[in-house]
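Enquirer: how does the following fold in three dimensions:
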Amino acid sequence: MNRMILKFLSRSENEPFARNAVAAFALPLNPSLSELSDVKTAVSEAVTNCIVHGYRGTEGWITLECTVEGSFLHIMISDGGRGIEDVERALMPFYTTLPDEERTGMGFTIMQTFMTNFSVQSRVGEGTTVRMSMDFGARAEANAQ
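Expert: Okay, the predicted model is just below:
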């Protein structure tokens with residue numbers, strides 16, 4: 001098992017750093033370009049949610065943890081921000097708390113679609129944690145059949 005932990009400020013310029021760090025960490029799993037793109041997009045969405053919704057105009061810490069276990073890449077992204085009042089509603093496609101800022105409300109939907117496993121835990125006033133995994137072995141198994 002391999003593991004990394006990064007902690008960075010909730011600034012938009014740190015989003016590319018996060019997505020590229022995860023992509024580099026995933027390289028030993030021999031991902032396809034499509035899989036790597038999916039992981040990078042999911043990480044971007046999660047980090048952007050922390051910045052835009054979790055800290056909403058203020059600054060705080062985002063923690064990114066990655067673990068490689070077998071053919072799985074596990075990713076956990078958390079903030080100590082506002083939290084989500086209704087996680088079930090927030091997971092619905094097109095739901096956004098910031099419609100005036102031209103947000104699509106598709107971030108969680110994109111993460112769910114692109115990753116093998118996905119979950120969100122949140123507490124109002126304490127922050128949000130997104131956990132997601134990608135199984136890089138699924139492609140190898142499909143190609144072997």
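Enquirer: which secondary structure elements does the helix or strand encompassing Asp38 contact?
Expert: Assigned by DSSP states H and E, Asp38 belongs to helix 33-49. Where contact means 3 or more Cβ pairs under 8 Å, 6 or more residues apart in numbering; DSSP states H and E, helix 33-49 is packed against helix 15-26, strand 61-69, strand 72-79, helix 107-114, strand 127-135. Backbone N, C-alpha and C define where each C-beta goes, glycine included.
Enquirer: mean confidence score for the longest one?
Expert: By that I understand helix 15-26. The pLDDT scores in helix 15-26 average 97.
Enquirer: swap in the fourth one?
Expert: Per-residue confidence for helix 107-114 averages out to 85 on the pLDDT scale.
Enquirer: contacts for it?
Expert: For helix 107-114, the surrounding residues in contact (Cβ atoms under 8 Å, 6 or more residues apart in numbering) are 38-39, 41-42, 45-46, 48-49, 90-91, 93, 118, 120, 130, 132.
Enquirer: filter the residues you listed down to the buried ones.
Expert: By neighbour count, with 16 or more other Cβ atoms under 10 Å, the contacts of helix 107-114 hold 38-39, 41-42, 45-46, 48-49, 90-91, 118, 120, 130, 132 as buried.
Enquirer: nearest residue to Ile62 in space, please, no chain neighbours.
Expert: Cys50 (4.8 Å; Cβ to Cβ, 6 or more residues apart in numbering).
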